[in-house]
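In: my questions concern the predicted model and sequence given below.
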Amino acid sequence: MQADQPYSRRIKFDGFLVLTALVWGSGFVAQRIAAASMGSYTFNAGRFLLGAVIVFTVAGFRWQVQKDQLRWMGLAGLVLFCGSTLQQLGMKTTTAGNAGFLTSLYVVIIPFLLLVFARQKIQAVIWVAIGLAALGALLLSTGGQYQPAPGDWLVLAGALFWAAHVIIVGTRGRQSEPLMFTVGQFAVAAVINLIFALLFDYGKTAPQPEAWLALLYSAVVPVGIGFTLQVIGQRHAPPIDAALIFSLEAVFAALIGYLILNERMLPIQLLGCGLILLAIIITQINSYKQIATNKIGIERQDLFSE
C-alpha cells in the first residue's frame, strides 16, 4: 500500500490541474465580453481584488506567511499582472482563436526557460509531447488557418509571463500554504492593476452591465477557484507536466463554446484535441515511469536554489 502512495498522490494532484484547466477554459468568454466595454486594467483589478477577498474568506481571514515567501508572492503577483494585462490588451485586436493558440505556447516556452535558467535537461520524449501539444493547439484554436492580427504580439508576450508564472508557482508556491500564496499574489496583481486603471481607464466609457457580470464570474471561477487549484495541484507536479495538463484549457474552452454558444467544431479541431490529449498521456506515462524507478520523487527538489 505504501508503494502505491506516490502514484495515488500524483493522480489526485493531477486531478486538481485538470480542474484548473477546466475553469480557466470557461473564462475566455467572460474576458471577451468584458473587453468590449471595460478597460483591461479595471477588469483585472476587479477580478483579482474580488478573488483575493474570496480566497481570504475561505482561509478564515488568517494570514500566516513566512517573510521569505513574501518576495515570491510579490514576484508571482507581478508576473500575473504582466501576463493577464498583455493577454487582455491583445484580445482587443485579435481573434479568440489566435489568443487561445498563442497563449498555449507557454507550454513550449517553459522547457526553454528551464533549460536556460535552471540548466534542467529536457528528455526527448518531452520535446515530442510539447510539439504535439503546440500543433494540437494550433489546429484546435485556428482550424489550421492561422491569420496574423495586430494583438498577436501582445498575447505572445503574455505567454512568456504565463510560462514564468507556472515555474514560480511550481518551484516556490509549494513552500507556502496554498491559500496564503494565492491571496498574496492576487493582492499584488490587484494593487498594480488598480494603479494603472486610475491612470489609463478612469473617465473612459462606462462599462456595460454584462461586463460587470463577466468580471464577477471571472473573479469567482477562473481567478478564485482556478488559480487556487493551480497552486495546490502544482505542489506535486513538475512545471512541464503541469503546463501540458493546462493545455487542456483550450480543449475545454472549445467544448464549452460548442455546448453553450453553439459554436461548430470542425474535424481538424477534433484532431487538435486528440493531439493535446496524446501529449498529456505521453508525459504522464513518462512521469509515472520515473516515479516507479525512483528517478523523481513526489516531493521534488526546487529548480532554483537560494
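Out: Nice, thanks for sending it over. Numbering: from 1, shown residues only.
In: could you pick out the longest helix of this structure?
Out: Counting by DSSP state H, the longest helix found in the chain is helix 267-292.
In: figure out how far that helix is from the centre of its chain.
Out: Distance, stretch centre to chain centre, for helix 267-292: 18 Å (CA atoms, centre = their mean, to the nearest Å).
In: per-residue pLDDT, residue 88?
Out: Per-residue pLDDT puts residue 88 at 76.
In: count of residues packed around the closest residue to it other than its chain neighbours?
Out: Sequence neighbours aside, residue 40 is the residue nearest to residue 88 in space, at 4.0 Å (criterion: CB to CB, 6 or more residues apart in numbering). The C-beta positions use only the backbone N, C-alpha and C, and glycine is treated the same way. Number of residues near residue 40 (other CB atoms under 10 Å) recorded here: 24.
In: quick one: contacts for residue 33?
Out: Applying CB atoms under 8 Å, 6 or more residues apart in numbering, we find residue 33 in contact with 210, 211, 213, 214.
In: would you turn the residues you listed into JSON lines with distance to residue 78 and pLDDT?
Out: Shown next, in JSON lines, are the contacts of residue 33 (distance: CB to CB, whole Å; pLDDT from 0 to 100):
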{"residue": "210", "distance to residue 78": "30", "pLDDT": "92"}
{"residue": "211", "distance to residue 78": "25", "pLDDT": "92"}
{"residue": "213", "distance to residue 78": "28", "pLDDT": "93"}
{"residue": "214", "distance to residue 78": "24", "pLDDT": "92"}
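In: which of these are buried? Put it as a PyMOL command.
Out: Applying 16 or more other CB atoms under 10 Å to the contacts of residue 33, the buried members can be selected in PyMOL as follows:
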select buried, resi 211+214
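In: which among the contacts of residue 33 gets closest to residue 161?
Out: Comparing the contacts of residue 33 against residue 161 with CB to CB picks out residue 214 as the nearest, at 22.1 Å.
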